[in-house]
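Student: structure of the sequence below:
(2 chains)
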Amino acid sequence: MVATIRLSVPGTLRYRPIAVRAVAEAARLVSGSPQRDAKNPTIDPLAHDVRHPFDTAVVSAFMEIFNNVAIHAYQRKGGGAIEIEIALSKDAIIIEVRDDGRAFDIEDVAQLPAELDEESLPEGGMGIHIAKTMLDEMTYVPGPPNLWRLCKRLSTTQVAVGRS
Amino acid sequence: MSAPFDVQRTSDETKLTIRRSLDINSAPALADQIDKIVATKPTRVLVDLSELDLIDSSGVAALVKLYKGVRSGGGAITIAGTRDQPLAIFKLLRMDKVFNL
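Tutor: Predicted coordinates:
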């Protein structure tokens, strides 16, 4: 059975925490990761409870795509919505993110250096690389509306991310 | 409730603690702190990430800037306490070895 969750937020970074929390909770429904005990007074109520490798992969990828849409599609100015559709099944999550802003040139994304040392540590251009590596599938179709489609399966999670 | 980050200075160490989420919304405020830390040319910097739950590429960029800034000023920098999602991101970017996590 597939459950669908739809969320529409204005296309600025101000609404990012709402979208990230929704995606984190949706990922948890697939991974079955238990919530921290909310009654425990030592737990910061604003803490983000993302520990399971599946939740980690989904949230990490989604954060980068939300940033990309707010910054590149809507140029940090908003002016449109970010439509998020989350489809949950027993062992996978598919997140579709739509916007009506500028199309993104995904071919133009720089590669990270092959050998990383102190000199070559990158200070930018990591977002799409993070999203793509964390997911099983990521596609982008320029619009309007532009569409990002993110897919992560529970079965591939341990191999792709590993437990920390 | 504790602040998203704070800086403690002792005679021989500058300790930066970062909490909750270091991301595109919180990184700009941290960048100001980082500029101030780097400007003092500290000999030892400890970055405590044990209370950090989430990081995105903007947050990583801020930490890389701090790392490079401290090192180019001749100082030593240690990143400690990295766990969960932030550790996964550093590993994915192969920065765990450079940062000695």
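
Student: make it CA atoms for all contacts and neighbour counts henceforth
Tutor: Fine.

Student: what residue is smack in the middle of chain A?
Tutor: residue A:62 (0.8 Å; C-alpha atoms, centre = their mean).

Student: ok but that residue is inside a helix, no?
Tutor: Yes. Under DSSP: H, G, I helix; E, B strand; the rest coil, residue A:62 falls within a helix.

Student: what about it, distance to chain B?
Tutor: Residue A:62 sits 10 Å away from chain B when distances are taken as C-alpha to the nearest C-alpha, to the nearest Å.

Student: ok, now which ones touch that residue?
Tutor: A:20, A:23, A:131, A:150 (C-alpha atoms under 8 Å, 6 or more residues apart in numbering or on different chains).

Student: residues near the third one, how many?
Tutor: Think residue A:131. 23 (other C-alpha atoms under 10 Å in any protein chain shown).

Student: and it, backbone torsions?
Tutor: Main-chain dihedrals, residue A:131, degrees, to the nearest 10: phi -60, psi -50.

Student: ok, it touching residue A:68?
Tutor: No. Between residue A:131 and residue A:68 there is no contact under C-alpha atoms under 8 Å: 10.6 Å.

Student: enumerate the positions of stretch B:10-29 that are buried.
Tutor: B:14-27 (16 or more other C-alpha atoms under 10 Å in any protein chain shown).

Student: try stretch A:112-121
Tutor: A:112, A:121.

Student: who in chain B is up against chain A?
Tutor: Proximity of chain B to chain A (C-alpha under 8 Å from any C-alpha of the partner chain) is limited to residues B:1, B:20-21, B:24-25, B:53-58, B:60-62, B:64-65, B:68, B:83-85, B:87-89, B:92-95, B:98.

Student: only the buried subset of those, as a PyMOL command please.
Tutor: The buried residues among the residues of chain B next to chain A can be selected in PyMOL (16+ other C-alpha under 10 Å) with this line:
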select buried, chain B and resi 20+21+24+25+53+54+55+56+57+58+60+61+62+64+65+68+83+84+85+87+88+89+92+93+94+95
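
Student: near chain B, which residues of chain A?
Tutor: When proximity is defined by C-alpha under 8 Å from any C-alpha, chain A lies next to chain B at A:13-14, A:44, A:46-53, A:56, A:60, A:63-64, A:67, A:116-118, A:121-127, A:130, A:133, A:161, A:164.

Student: hmm, which of these are the buried ones?
Tutor: By neighbour count, with 16+ other C-alpha under 10 Å, those hold A:13, A:49-53, A:56, A:60, A:63-64, A:67, A:121-123, A:126-127, A:130, A:133, A:161 as buried.

Student: among those, which are in strands?
Tutor: Using DSSP state E, no member of these sits in strands.
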